[in-house]
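Enquirer: Pasting a predicted model and its sequence here:
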Amino acid sequence: MDLESRSRRNYSYMMWMLGTAFIPVGLSFEPGSSLQFLFLGIGITLFLMGHMMFRSAWKN
């Protein structure tokens, strides 16, 4: 395991967990508000990007 793949795995894991933290924050706002859409959008995007990058980092 080289340093590049380890740092990429750590970065993608951080994105994945940050996205996981944004989702409940987005759900705490009133339904239909712009803040809810903002936080849920950021959270789901980070979650999915981090998850896909984490999986590809383990394969390489």
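Expert: Structure received. These numbers come from a predicted model, not from an experiment.
Enquirer: Residue 11: what's it in contact with?
Expert: Contacts for residue 11 were tallied using C-beta atoms under 8 Å, 6 or more residues apart in numbering; they are residue 53. From N, CA and C alone the C-beta is placed, and that goes for glycine too.
Enquirer: Tell me both backbone torsions, phi and psi, for it.
Expert: Residue 11 adopts backbone torsions of phi -60, psi -40, taken as degrees, to the nearest 10.
Enquirer: how far away is it from residue 58?
Expert: The gap separating residue 11 from residue 58 is 13 Å, by C-beta to C-beta, to the nearest Å.
Enquirer: With adjacent residues omitted, what lies nearest to residue 23?
Expert: Distances taken as C-beta to C-beta, 6 or more residues apart in numbering put residue 43 closest to residue 23, at 4.0 Å, once the chain neighbours are dropped.
Enquirer: count of residues packed around the one you found?
Expert: Neighbours of residue 43 under the rule other C-beta atoms under 10 Å: 20.
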